[in-house]
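*Asks:* I need the structure of the sequence given here:
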Amino acid sequence: MPDLSNDPCACHEYNTLTRRRFLRRGTAAAMAIATPAWLPRVAYAQSDNSSRDVIVCIFLRGGMDGLTVVPPYGENAYYTLRPNLAIPRPDSASTNRALDLNGFFGFAPAMGGLLPAYLAGHLLIVHATGSIDPTRSHFDAQHYMEIGMPGSSSLDTGWLGRHLASRPPMKPSAPLRALAMTFGLTETLAGAPQTLPIPDPANFGLNGTTATRTQRLSWLNTAYAAETDPLRAAALNTQQTINTLSALNINGYQPAGGAVYPNTSIARALRSTAALIRGDIGVEAVQVDYSGWDTHSAQGPLTGGMATTMRNLADAVAAFHADLDGANVLRRVTLVAMSEFGRKAQENGSQGTDHGHGNCLLVLGGGTNGGQVLADWPGMAGGQLYQNQDLQITIDHRDILWEIVTKRLGNLNLDYVFPNFSPTNRNALRS
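*Replies:* Numbering: from 1, shown residues only. As a prediction, this is how the structure comes out:
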């Protein structure tokens, strides 16, 4: 879930944006109820669509600095532009040196938890990528990336919402096809059928005492049964979702593969996501937000604030990887983590970085052509930077999303999911 605190290192627009997002989100009931031991599988009728991947989309809100997360240590200009903030080269004597990935790119040391997934070939890094729209506004950049159409103000649905709207459900009887672990539906999922904002699926239900829960649910079922659709269908699906999640008992979930999820918001969200996937209840898409990336001052890439944010992300995704790989279900899961834009190539006078352009994104899953950094590297020397200050975008992020949608989610409705877009196949994923 987003960090809604007033981050002193973030810009005014970002703090305003997070408050705006919070205010427009409705409340969700969340009192735990007693349930039996965790069920490893909830049985529903299978359909011929069940071989599609479940997609997990992590939005790293605030403008993640991809040049810190995956530093191009083979680029000399990187160290010239960032004398204080650059991640030391892998051959440095520093204890906080980069972890080598391919002889040119590395991981920041705080991202080390993801190295096993990378070495196993399950993690792909895409660099010098992002939304091609040049805006440096958090609000606009997030909007364009979530609707999947840079620069457009005509769409009010998200790319993932349109995907779900244009494909039949994997399980026809499932009440919930997708959820956003937030207090309001994210733009990415706007337009998706049978989709709810559920900030904590482990504790989703009716407020009030458990002694009268059954009676209250029965009354609601009767009250809405006489209504017309879509109100009737939405009410009944919500009630069925409450029952389904209660039966799943996410609080009692037992990870596989020796995975240990840290006690952080992003890890708790991914633990719940793993339970939903392994429970096989028909959820096809999960959106998770993770904020804290707007690092205008005191960035702290080695031991400070950004190092903590990176470590929280890496360790949570690493536990998710170990869990699903150990349970032998990673083969039908794709996770993508992306941010609205990167940061300027040059550090500022406050030991931070300002809004930029090009960035990196992460793709994890059993169908990913991982173990590599996919990049058409533009360079960072004089004359190579976008507007003389940012990393160039040489891979449209929709190239990667398009591959996920077509190769892993089985949707060929390209013009509907990504209007007015002609993709380039980057061979990021396998069919």
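
*Asks:* what about H127, which SS state?
*Replies:* Here H127 is recorded as strand under DSSP: H, G, I helix; E, B strand; the rest coil.

*Asks:* show me the contacts for it.
*Replies:* G66, V70, P72, F105, C360, V373, L374, A375, W377 (CB atoms under 8 Å, 6 or more residues apart in numbering). To be clear about C-beta, it is placed using only N, CA and C from the backbone, and glycine gets the same treatment.

*Asks:* Just the ones in helices from the residues you listed, please.
*Replies:* G66 (DSSP state H).

*Asks:* Return a PyMOL selection command for the buried portion of the contacts of H127.
*Replies:* Typed into PyMOL, the line below selects the buried ones among the contacts of H127, using 16 or more other CB atoms under 10 Å:
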select buried, resi 66+70+72+105+360+373+374+375+377
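
*Asks:* what's around A233, how many residues?
*Replies:* By the other CB atoms under 10 Å criterion, the neighbourhood of A233 contains 15 residues.

*Asks:* Does it belong to a helix, a strand or coil?
*Replies:* helix.

*Asks:* thinking again about what came up before, which members of the contacts of H127 occur in strands, if any?
*Replies:* Among the contacts of H127, the residues falling in strands (DSSP state E) are C360, V373, L374.

*Asks:* I'd like the residues you listed laid out as CSV, including distance to A98.
*Replies:* Output for those, formatted as CSV (distance: CB to CB, whole Å):
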residue, distance to A98
C360, 14
V373, 12
L374, 18
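
*Asks:* Check those residues against S153 and report the nearest one.
*Replies:* C360 (27.3 Å; CB to CB).

*Asks:* Quick check: E403 vs L189, distance?
*Replies:* E403 sits 20 Å away from L189, taking CB to CB, to the nearest Å as the criterion.

*Asks:* next one: V417
*Replies:* Applying CB to CB, the value for V417 to L189 is 13 Å.

*Asks:* Which stretches in the stretch 251-400 of the chain count as helices?
*Replies:* Using DSSP state H, counting those that start in this stretch, the helices assigned to the stretch 251-400 of the chain run over residues 265-279, 305-326, 397-403.

*Asks:* Need the pLDDT of M1.
*Replies:* Listed pLDDT for M1 reads 43.

*Asks:* So which bits of stretch 167-178 are buried?
*Replies:* For stretch 167-178, burial by neighbour count (16+ other CB under 10 Å) applies to R167, P169, M170, K171, A174, P175, L176, R177, A178.

*Asks:* Spatially central residue in the protein, please.
*Replies:* I58 (0.6 Å; CA atoms, centre = their mean).

*Asks:* quick one: that residue is in a helix?
*Replies:* No. Judged by three-state DSSP, I58 forms no part of a helix; its state is strand.

*Asks:* mind listing what it touches?
*Replies:* Contacts of I58 by CB under 8 Å, 6+ apart are I266, V288, D289, Y290, L313, V317, L335, V336, A337, M338.

*Asks:* possible to save those residues as CSV with neighbour count and distance to G367?
*Replies:* Below are the contacts of I58 laid out as CSV (neighbours: other CB atoms under 10 Å; distance: CB to CB, whole Å):
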residue, neighbour count, distance to G367
I266, 28, 23
V288, 26, 20
D289, 23, 24
Y290, 26, 23
L313, 27, 22
V317, 24, 16
L335, 28, 11
V336, 23, 12
A337, 21, 16
M338, 24, 18
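
*Asks:* Quick check: of the residues you listed, which lies closest to L324?
*Replies:* Distance to L324, by CB to CB, is smallest for L335 among these, at 9.2 Å.
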